[in-house]
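> This is a predicted model, with the sequence first.
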Amino acid sequence: MTIFSLVGWIGFVAVMVTLVMQFVVKNVKTFWVSLLQNFCGILFIFSGWVKAIDPLGTAFKMEQYFDQFEVMFSGSTFSFLAPIFPAMNQYSTAFSVFMIIFEIVLGIMLVIGAKPKFTAWSFFLLVLFFTKLTGFTYLTGYVPEGVNFFSFGDWGPYQAKNMKVTDCGCFGDFIKLEPKVSFIKDLFLLIPALLFLWHSKKFHQLFSVRTHNISLIVSTIVLLLYSFNNFYWNEPHIDFRPFKIGTHVRDIKAMESEAQSKVQVTGFMLKNKETGEVKELETAEYMKNFAQYPKEKWETLDQIKSAPTIKPTKISEFFLKNINNEEAENVLLDDTTNSVVLVSYKSYFSTRPAKKMVKDSLFTADTLALPDGSTKIVKVFSGFDEKEVEYNEVVWDEDYLHNFKNVAKPFVDKASAKNWNIYVVTAGLNKEQMMALEQATGITGTYMSGDDILLKTIMRSNPGIMHWKDGKIINKWHYKKLPDFDTIVQ
């Protein structure tokens, strides 16, 4: 589904609902106002619902925004605002749940016409907030690497690769909108938002004020429980992500890689170093007039490429490294046996200086007589010498460790007994820390590392437990909903 087909369906439903209100319920003051109420209300209910399915997805997106805002303000005259965003990052999940529920409830208020003036102003302010986010996302495409957003004079031509946040998450993972499309969408929504401010007295109002209040209280409680169920107690009950159950990750990755390899360079984007003029030339034209664009005067900003036959997803970025920092994703993808994969996108631990005794082998030099009468100096083992060395001791968070030891390990032990392979994939851990995790949990297996955004896309539970076989995701579970292994075998 595209944004245009989605808007078309929502518009159709809004028209039908408004006609029923006009001719059956007969509770419409001004038809076009009621139509806009229903359209915007249904749009907000739907966009909020697809995010409520996966609140952590929105939280992760807000973390990206907060990180970029910190960087943006740090290098500007507004640097005093920069420390706010790391603090907000700590509450990104709570902020996400609040915004999602507020969006849906606001949509309900528009449809039923509750508290017209409050609803009109709330809708305007929320759309204005969304417009700033999507506008920032889109406009960063004009900000070259190493240039602060507020250095407007240093902006260059639009390049998608400049954007640090590649989509706004307006519809979660249900529809991925290009930043420009998201920004235009919100600019259009500002039109009814402003009209609502002027015409809130013309809102239709269904039901009584008491019914309004009861509906809003009940919907808020239900939505709160629904949102928590989709990340705190369980994985999202509908998975719009690329790594859903039943996905042949190995096959899709191969197809996307092949499609990407067939992408051709169709042109070049050039910039005149002296005048700042930007030109887009097709490859044939550029090669024909190559001498007219010397490197001393022109720089290549970007290559213009043909679109791949298969649009790449996050599966194209499925790369893992083993404990020695070597590429190892194929070890998992090509494993034809049943496997348990534990995924942890964030590890909770601290380090502290410590000392330990280690044994160092001692050797002495000795002369060895060879049969031909010559001699050879060899090293002969003479014993061990203990010495004290300093290292950084890993101190694991007890709650984090509990989920591995008391939830995942019994499952893993039964799987190992059935000759299933065990993989533990983490983010942000080096070799020593992965070895420390193995020792602390007692979970023996193949330890790997991956990008945290990739792992967040695969699993929302931390840790999450997956069943893989022959490059395919057979099943996956939140650690709080992990079934008994014997049930899975059956």
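In hand now; what should we look at?

> tell me what the helix or strand where Glu432 lies is packed against?
Assigned by DSSP states H and E, Glu432 belongs to helix 431-441. Here helix 431-441 touches strand 375-396, strand 421-426, strand 446-450, going by 3 or more CB pairs under 8 Å, 6 or more residues apart in numbering; DSSP states H and E. The C-beta positions use only the backbone N, C-alpha and C, and glycine is treated the same way.

> Output those strands in a markdown table, with mean pLDDT and distance to Ser339 appended to each entry.
Output for the helices and strands packed on helix 431-441, formatted as a markdown table (pLDDT from 0 to 100; distance: least, CB to CB, whole Å):
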| stretch | mean pLDDT | distance to Ser339 |
| --- | --- | --- |
| strand 375-396 | 77 | 25 |
| strand 421-426 | 97 | 4 |
| strand 446-450 | 96 | 9 |
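
> can I get those strands in CSV with distance to Met466 and mean neighbour count?
Output for the helices and strands packed on helix 431-441, formatted as CSV (distance: least, CB to CB, whole Å; neighbours: other CB atoms under 10 Å):
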stretch, distance to Met466, mean neighbour count
strand 375-396, 22, 11
strand 421-426, 9, 21
strand 446-450, 13, 21
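
> To Ser306, which of those strands lies closest?
In this view, the helices and strands packed on helix 431-441 are compared for proximity to Ser306 by CB to CB, and strand 446-450 is the closest at 29.7 Å.

> after the closest one comes which helix or strand?
Proceeding C-terminally, strand 446-450 gives way to helix 452-458 as the next helix or strand, assigned by DSSP H and E.

> Pull out the buried positions in that next one.
By neighbour count on 16 or more other CB atoms under 10 Å, the buried set for helix 452-458 is 452, 454-458.

> nearest to Pro242, of these?
Closest approach to Pro242 among the buried residues of helix 452-458 (CB to CB): Thr457, at 6.9 Å.

> Could you list which residues are in contact with that closest one?
Taking CB atoms under 8 Å, 6 or more residues apart in numbering as the contact definition, Thr457 lies against 241-243, 314.

> pLDDT value on it, please?
On the pLDDT scale, Thr457 is placed at 94.

> Kindly reformat the helices and strands packed on helix 431-441 as JSON lines containing distance to Lys405.
As requested, the helices and strands packed on helix 431-441 are exported to JSON lines (distance: least, CB to CB, whole Å):
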{"stretch": "strand 375-396", "distance to Lys405": "10"}
{"stretch": "strand 421-426", "distance to Lys405": "13"}
{"stretch": "strand 446-450", "distance to Lys405": "16"}
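
> Identify whichever of these lies nearest to Gly8.
Closest approach to Gly8 among those is made by strand 446-450 (38.9 Å; CB to CB).

> how far out from the middle of the chain is the closest one?
Averaging C-alpha positions (CA atoms, centre = their mean, to the nearest Å) puts strand 446-450 19 Å from its chain's average.

> repeat for stretch 268-281
34 Å.

> Over that stretch, what's the mean pLDDT, rounded is fine.
For stretch 268-281, the mean per-residue pLDDT is 85.

> Could you list the buried residues of it?
Quick answer for stretch 268-281 (16+ other CB under 10 Å): 268-271, 279, 281.

> Narrow these to those in strands?
268-271, 279, 281 (DSSP state E).

> Gly169: which of those residues is nearest?
The shortest approach to Gly169 among those belongs to Met269, at 28.1 Å (CB to CB).

> What is the neighbour count of Ile217?
By other CB atoms under 10 Å, the residues close to Ile217 number 11.

> follow-up on the earlier one: for Thr18, find the nearest of the helices and strands packed on helix 431-441.
Nearest to Thr18, of all these, is strand 446-450, at 49.1 Å by CB to CB.

> Many thanks, have a good one.
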